[in-house]
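Chemist: task: produce atomic coordinates for the following.
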Amino acid sequence: MSGEDIATKSTIFPTDERQVSSFNENGSAIIKVVGVGGGGNNAVNYMYKQNIPGVSFVVTNTDRQALLNSPVPEQVLLGPNTSRGLGAGNKPEKAKAAAEESAEELAELFDEDTKMVFVTAGMGGGTGTGASPVVARIARERGMLTVGIVTIPFLFEGEKKIIKALEGADEMGKYVDAMLIINNERLTEIYSDLEFDNAFDKADETLTDAARSISELINFKGKINLDFEDVNTTLKDGGTAIISTGYGEGENRVTKAIEDALNSPLLKNRDVQTSKRFLFNLYYSKKSEHPFMMGEANEITAFMNNFAKDVDVIWGTSVDDTLGDKVKITILASGFEISLSNETTYKPKPRIFGKPKQEPAAAVNDSRIAVEYGEEKVAERNRQKASANYILLTPQQMDNDTLINFIEKTPTFRRGSDTRLREEWRTLAESQTEIAEPTHQAPKPAQETTGHGMREIEFD
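Modeler: Residues are numbered from 1 along each chain as shown. As a prediction, the model looks like this:
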């Protein structure tokens, strides 16, 4: 791995005697993780049990009961007057006001011993969405390297919640140096063979690994050491970012480790090789039966050759004798581009009484969602919406309790495929119910009352 291939770290230590600690001289941790709201608290509760060296933890919430159930000792009840400890009621604006009420107490969390802060939250609800940007702003105002790590909803949670989550992430992005987004939908793709609860743990593990990776970067010794300033250089004002670790074993183990690191819930629709700043640290064991050979560095060179020529690269190596014959690589990347597929986006054309119509707001939402979820996912969702069938009931038929009860008790997935059920509906309606063709009616939410007093009930 020559200086011509990769821009090496300016200071190379010829021995592995230097030890950089993720603790200050007084023994306090320099990295702090703050969980905001239910999702953030769950993640921090998980991390707290992992005993990560050099990292301290705080949970904050508008819900007093959630704090009482947390094992994390350092806690902040947000806005005791605003929320009265009862939560934010799924209202981000209320959570924001609660966090502002507790601004002084939050500022005290970020003392001179702390150098880096992770603010984590689940987006789409109340407290995490509304309060986490306030927490991030206060941390950054106190001079901390501030990194936001947020989760965004599954697609099945609906467009309204997704847009709410993305707006919350955008707001938080104004106040952090770097933002890491964990897309829950990505969990269904790469962990589809895991049990539901275990797959959710993977999201928490992603955050845990990010904090642990930073701690190890500045704590492990090696021939070429990295320190906190290297982390700061890579992430400061970095925008969208990645922190990920991968492992490799056997033939081409370095390439396998890189691929493992890139197979991250954080990397959906993002091309890490377009990043403006890239840091990596390679870990290997000196006690391995297969020592790390200089020739294996060519695998890193092959990977780095795909980056732009103007990328700023910092790299290091560390010894970790617990690895055995494996190698491990940790990557930090920031300032990279969003990458969507090159396929033509499917643009649905809902039709009302035969007239094509695409609401501008819907088009904007589709584009925004596609950035995080991919064009194919959005196209498939819109295809399903466009294929929905409806029963149109007259006001008189809506007074037919037998008919209404029968329809509402029928599972949605059977309404469009079960011919027998449809015939029974017609009989109950005494041939007065019109089965609308999808080309004549735009899909609308079930249970919606139209201006003509007609109620639409979705077939599927």
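Chemist: low pLDDT regions in this structure?
Modeler: Low-confidence segments of the chain, defined by pLDDT under 70: 1-28, 265-270, 337-364, 385-392, 412-419, 421-422, 425-426, 428-460.
Chemist: of all residues in it, which one is nearest the centre?
Modeler: Nearest residue to the geometric centre of the chain (C-alpha atoms, centre = their mean): residue 182, 1.7 Å.
Chemist: so it: helix, strand or coil?
Modeler: With DSSP: H, G, I helix; E, B strand; the rest coil as the basis, the three-state label of residue 182 is strand.
Chemist: name the nearest residue to it, sequence neighbours excluded.
Modeler: Leaving aside its sequence neighbours, residue 182 sits nearest to residue 151 (C-beta to C-beta, 6 or more residues apart in numbering; 4.6 Å). Yep, even glycine has a C-beta here, placed from its N, CA and C like the rest.
Chemist: so who does the one you found touch?
Modeler: The contact partners of residue 151, taken as C-beta atoms under 8 Å, 6 or more residues apart in numbering, are 39, 121-123, 181-184, 203.
Chemist: can you rerun that using 10 Å?
Modeler: If you count contacts by C-beta atoms under 10 Å, 6 or more residues apart in numbering, residue 151 has them with 39-40, 42-43, 120-124, 128, 165, 169, 180-184, 187, 200, 203-204, 206-207, 265.
Chemist: repeat that for residue 310.
Modeler: residue 276.
Chemist: ok, it to residue 326 distance?
Modeler: For residue 310, the distance to residue 326 equals 33 Å [C-beta to C-beta, to the nearest Å].
Chemist: check residue 96 too.
Modeler: When residue 96 is compared with residue 326 (using C-beta to C-beta), they lie 45 Å apart.
Chemist: go on, residue 144?
Modeler: Note on residue 144: its distance to residue 326, by C-beta to C-beta, is 34 Å.
Chemist: so which of these two has more stuff around it?
Modeler: Ranked by neighbour count (other C-beta atoms under 10 Å), residue 144 and residue 326 place residue 144 first, with 24 against 19.
Chemist: skipping adjacent residues, who's closest to the more buried one in space?
Modeler: Using C-beta to C-beta, 6+ apart, the closest residue to residue 144 is residue 117 (4.4 Å).
Chemist: before we move on, back to that, pretty sure the residue nearest to the centre of the chain contacts residue 150?
Modeler: Yes. Taking contacts as C-beta atoms under 10 Å, residue 182 lies within contact range of residue 150: 7.0 Å.
Chemist: give me the common contacts of those two.
Modeler: Common neighbours of residue 182 and residue 150 (C-beta under 10 Å, 6+ apart) are 39, 120, 122-123, 207.
Chemist: contact partners for the closest residue in space to residue 55 that isn't next to it in sequence?
Modeler: Taking C-beta to C-beta, 6+ apart, and ignoring the residues beside it in sequence, residue 55 has residue 31 as its nearest neighbour in space, at 4.6 Å. By C-beta under 10 Å, 6+ apart, the contact list for residue 31 reads 22-23, 52-57, 114-118, 144-145, 147, 211-212, 214-215, 218, 228, 231.
Chemist: run through the bridge partners of residue 31.
Modeler: residue 55, residue 116 (DSSP bridges).
Chemist: can you tell me how far it sits from residue 117?
Modeler: Counting by C-beta to C-beta - residue 31 and residue 117 are separated by 8 Å.
Chemist: can you check residue 196 too?
Modeler: Residue 196 is 31 Å from residue 117, by C-beta to C-beta.
Chemist: neighbour count winner among those two?
Modeler: residue 117 (25 against 10).
Chemist: my guess is that one contacts residue 137, does it?
Modeler: No. Counting by C-beta under 10 Å, residue 117 stays clear of residue 137, with 11.3 Å between them.
Chemist: find residues that contact each of the two.
Modeler: Listed as contacting both residue 117 and residue 137 by C-beta under 10 Å, 6+ apart are 146, 176.
Chemist: domain ranges for this structure?
Modeler: Structural domains assigned to the chain are 20-219, 240-339, 351-458, following automatic domain parsing.
Chemist: point out the most buried one among these.
Modeler: Highest mean neighbour count of those: domain 20-219, a mean of 21 (counted as mean count of other C-beta atoms under 10 Å).
Chemist: where exactly do the helices run in the stretch 301-450 of the chain?
Modeler: Using DSSP state H, counting those that start in this stretch, the helices of the stretch 301-450 of the chain run over 360-373, 375-386, 395-398, 401-409, 412-415, 419-428.
Chemist: what is the fourth one packed up against?
Modeler: I take that to be helix 401-409. Applying 3 or more C-beta pairs under 10 Å, 6 or more residues apart in numbering; DSSP states H and E, one finds that helix 401-409 contacts strand 390-393, helix 395-398, helix 419-428, strand 455-458.
Chemist: let's see it at 8 Å
Modeler: Here helix 401-409 touches helix 419-428, going by 3 or more C-beta pairs under 8 Å, 6 or more residues apart in numbering; DSSP states H and E.
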